[in-house]
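Peer 1: Sharing a model that was predicted from the sequence below.
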Amino acid sequence: MKTTWTGSVAWLLAVSAALALALAAPNDNSVMGQLPSFMARTLAQQTMAVPGGLPAERTLALITFRSSQRAHIDSWIQGLNLHADPSITWLRMPVLDDPGNTAARSAIETKLLRNYPADTERTRLMPVFTDRERFVRSAGLRGTDEVYAVVINRQGDVLARAEGAFDADKADKLRETLQPDRPQASSSPPAGASPRVK
C-alpha cells in the first residue's frame, strides 16, 4: 500500500513539474525579444510612439549602433529593394546612447541631417536616444557589433530578425514574416535566429 501511495505522489509531482515548466517556457515572441516602448521622431520631425504608433502592423526596423555600419544597412535597403517596394513599411533606426540633454541630442540630429540630405531618407530615419545595452537586451539582440533587420509589430514583439549584411535567404524569411496574413508563431525560430553572419 505504501509503495502505491509513494508512486502516485511521485507521479503527481512529476506531472506538476512538467506542467509548470511548460507554462514557464517562453513563447516565440519572448525568445526573439520585445522592443521597449519609447517616444522618438524622424529626421523629418514626425513624432512617433514606438511600438504602438508604428506606421504598420508589421514594420521592418533596420537597426544600427554606429555610423560605420551604414554600408550594411544600405545593403538591406538595396537587397530588399525598399525604395521601390511600397508593400514593405520600414524605418532606419540608429540606436544611440542618450547624451542626457536636449542640446546634445540636437547636435547629433544636426549631424545626421547633414549625412541624410534627401527628404525621402529623413522620413524613414528615426534616431533612438536610449540606454543601448538595455535596448539590446530587451530586443533580444546579440550586441552592438552588427546591424539587424528586425520585423516588429505594434505590440513591440520581435517577430523575425536577421543579423549582419544582406543575405537573400534571410531576406526571404523577413518578407514572409512581413506579410500580415501569415501566422506569427512557428515551431522553428524565425529568420536570423541562426548564428551571427559575419
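Peer 2: Looks like it came in fine. Numbers count the residues shown, from 1 in each chain.
Peer 1: Identify the bridge partners of the spatially most central residue of the chain.
Peer 2: Nearest to the geometric centre of the chain sits residue 150, at 3.9 Å (CA atoms, centre = their mean). When assigned by DSSP bridges, residue 150 has beta-bridge partners residue 61, residue 161.
Peer 1: what's the answer for residue 93, then?
Peer 2: Applying DSSP bridges, one finds that residue 93 bridges with residue 63.
Peer 1: How about the contacts made by it?
Peer 2: Counting by CB atoms under 8 Å, 6 or more residues apart in numbering, residue 93 touches 61-64, 126-128. (Glycine included, C-beta is placed from N, CA and C.)
Peer 1: May I have the phi/psi pair for residue 107?
Peer 2: Phi and psi for residue 107, reported as degrees, to the nearest 10, are phi -60, psi -40.
Peer 1: Number of residues surrounding it?
Peer 2: Using other CB atoms under 10 Å, residue 107 has 12 other residues around it.
Peer 1: and if you look at the one 10 residues further on?
Peer 2: As a burial measure, the neighbour count of residue 117 was computed by other CB under 10 Å and equals 9.
Peer 1: quick revisit: top of the contacts of residue 93 by neighbour count?
Peer 2: Ranked by the number of neighbours (other CB under 10 Å), the contacts of residue 93 place residue 63 first, at 26 neighbours.
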